[in-house]
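>>> Take this sequence and fold it.
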Amino acid sequence: MTVRRAARGAGRAWLVAGGVFGVCLAFVAMLVVGTYSAASGLAAGAGSGKNGTVALAKGAVPALYQGLVQRWGNLCPAINPALLAAQLYQESGWNPRAVSPADARGIAQFIPGTWASHGIDGDGDGDRDIWDPKDAIPSAASYDCELATYVKDVPGDPASNMLAAYNAGAYRVIRHGGVPPISETQNYVRIIKSLEKSFARPLGRVDPSRQAAGAIHFAQQKLGTLYLWGGTGTAAQNGRFDCSGLTQAAYDTVGIPLPRVANDQYNAGPHPSREELLPGDLVFFSDDLTNSRAIRHVGIYVGGGYMINAPRTGAVIRFDRIDTPDYFGATRVTPEGAAALPTHPPQT
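Numbers count the residues shown, from 1 in each chain. You can find the predicted model right below:
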């Protein structure tokens with residue numbers, strides 16, 4: 001929803017108007033066809049490697065907590081840094097002061113009774129503070145690993161069984177021989193396992209998106225439309241958009257609902273490198289390149305170093321270059337990744 005700063009220099013943007021409009025559309029068509037032809041032979045990319053070797057995606061975890069998550073995410077084989085990050089994001093949205101209706105507290109959302117039994121002094125300062133991420137993040141990892149030992153003999157994926165035990169209790173996982181048939185628990189496991197891919201740095205090529213062409217087609221049709229702060233394209237807004245309103249609407253047309261604001265859209269799938277971008281990837285911009293929660297602008301990549309975006313008040317939806325100092329990274333949107341995002345994510 002936030003606005004990108006005005007572009008610097010005449011070469012920064014292409015204003016799409018008059019006779020240039022058709023030329024630009026043809027340009028996009030060539031980029032999409034050419035880029036996808038080159039990508040047709042790519043091997044599938046893995047979101048994470050073996051436990052203990054998983055690196056976090058650039059900026060996915062706020063810099064303040066990245067070291068803690070990387071260190072404690074390797075505490076035992078059942079977890080990894082990306083899985084721990086996904087769990088913390090799902091629980092609190094990185095908010096160390098979060099309180100749930102059930103009185104779960106802090107960044108790891110411990111209920112006081114559970115904290116009394118399982119909280120640890122992660123930073124070695126002599127106390128166990130439920131509100132201090134330096135204690136709460138290590139405690140979350142420690143508790144996960146403890147649950148993993150309870151269900152270690154249960155068939156199936158150890159991480160899924162551990163997450164199910166966290167949500168429903170280890171005795172239910174043992175009794176059912178795996179993730180129990182409880183919709184809340186099954187959703188909890190599915191969501192965190194999907195989010196794990198958006199927090200892990202890919203070890204190889206990321207699969208091309210099947211929905212990208214449709215999203216680009218929608219964005220192309222909006223070229224030349226005047227920007228509107230808070231715009232989501234409604235009739236009352238005369239079909240106008242802001243940056244994340246445009247990307248949300250584009251992916252909605254191909255059946256993938258995205259969150260409303262740019263920094264939440266960042267977690268809708270894995271993160272290809274700059275060299276591996278394909279048309280349809282969402283590209284993000286920020287003044288803080290260490291923290292995805294600080295992202296303030298998003299566009300849809302079309303190839304050749306350009307995106308379609310709704311840049312700012314007074315401008316129109318247009319093509320802009322992505323290679324600027326505030327370029328943060330990219331997300332290849334997947335249906336599973338988008339479906340895993342909280343409908344109303346906790347706010348930091």
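>>> Hmm, Lys58 is touching Tyr327, no?
No. Using CB atoms under 8 Å as the test, Lys58 is too far from Tyr327 to be in contact (10.8 Å). Using the backbone N, CA and C atoms, a C-beta is placed for each residue, glycine as well.
>>> Please report how far Arg321 lies from Ile308.
According to CB to CB, to the nearest Å, Arg321 stands 12 Å off from Ile308.
>>> which one of the two has more residues nearby?
Ile308 (26 against 16; other CB atoms under 10 Å).
>>> Quick one, grab the pLDDT at the more buried one.
At Ile308, the predicted lDDT confidence score is 98.
>>> Kindly state the domain boundaries assigned to the chain.
10-42+208-340, 63-199 (automatic domain parsing).
>>> Pipe these into a markdown table and attach distance to Thr53 per row.
Formatted as a markdown table, those follow (distance: least, CB to CB, whole Å):
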| stretch | distance to Thr53 |
| --- | --- |
| domain 10-42+208-340 | 16 |
| domain 63-199 | 8 |
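>>> which one of these has the lowest average pLDDT?
Among the domains of the chain, domain 10-42+208-340 scores lowest, with a mean of 84.
>>> hmm, who's touching stretch 135-148?
65, 68-69, 72-73, 75-79, 84, 87-88, 96, 106-108, 110, 114-115, 118-123, 127-130, 158-159, 161-162, 165-166, 170 (CB atoms under 8 Å, 6 or more residues apart in numbering).
>>> Kindly write the ChimeraX command that selects the buried subset of the residues you listed.
Buried residues within the contacts of stretch 135-148, by 16 or more other CB atoms under 10 Å, are selected in ChimeraX with:
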select :65,68,69,72,73,75,76,78,79,84,87,88,96,106,107,108,110,115,119,120,122,123,128,129,130,158,159,161,162,165,166,170
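>>> List the ones among the contacts of stretch 135-148 that fall in strands.
Counting by DSSP state E, no part of the contacts of stretch 135-148 is found in strands.
>>> what about the helices in the stretch 201-348 of the chain?
Taking DSSP state H, counting those that start in this stretch, the helices of the stretch 201-348 of the chain run over residues 212-221, 243-252, 262-265, 335-340.
>>> Make JSON lines out of these and add mean neighbour count and distance to Tyr188.
Output for the helices of the stretch 201-348 of the chain, formatted as JSON lines (neighbours: other CB atoms under 10 Å; distance: least, CB to CB, whole Å):
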{"stretch": "helix 212-221", "mean neighbour count": "20", "distance to Tyr188": "29"}
{"stretch": "helix 243-252", "mean neighbour count": "26", "distance to Tyr188": "24"}
{"stretch": "helix 262-265", "mean neighbour count": "24", "distance to Tyr188": "19"}
{"stretch": "helix 335-340", "mean neighbour count": "19", "distance to Tyr188": "10"}
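>>> Show me the one of those that comes nearest Arg175.
Of all the helices of the stretch 201-348 of the chain, it is helix 335-340 that lies closest to Arg175, at 26.7 Å by CB to CB.
>>> Now that closest one - C-alpha only, CSV.
Output in CSV follows, covering the C-alpha atoms of helix 335-340 (Å, rounded to 0.1, in the frame of the first residue of the first chain):
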residue,chain,number,x,y,z
PRO,A,335,-1.0,-20.9,-4.8
GLU,A,336,0.3,-22.8,-1.8
GLY,A,337,2.4,-19.9,-0.6
ALA,A,338,-0.4,-17.4,-0.9
ALA,A,339,-2.9,-19.7,0.8
ALA,A,340,-0.5,-20.1,3.8
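>>> Residues contacting that helix, please?
190-192, 194-195, 197-198, 211, 251, 255-258, 267-270, 331.
>>> quick one: Pro270 and Asn80, what's the gap?
The gap separating Pro270 from Asn80 is 15 Å, by CB to CB.
>>> With Asp123 instead?
In terms of CB to CB, Asp123 sits 22 Å off from Asn80.
>>> What of Leu223?
Distance, Leu223 to Asn80, by CB to CB: 42 Å.
>>> Give me the more crowded residue out of these two.
Neighbour totals were compared for Leu223 and Asn80, and Asn80 leads with 28 against 19 (other CB under 10 Å).
>>> Leaving out sequence neighbours, find the closest residue to that one.
Closest residue to Asn80 apart from its sequence neighbours, by CB to CB, 6 or more residues apart in numbering: Val54 at 4.0 Å.
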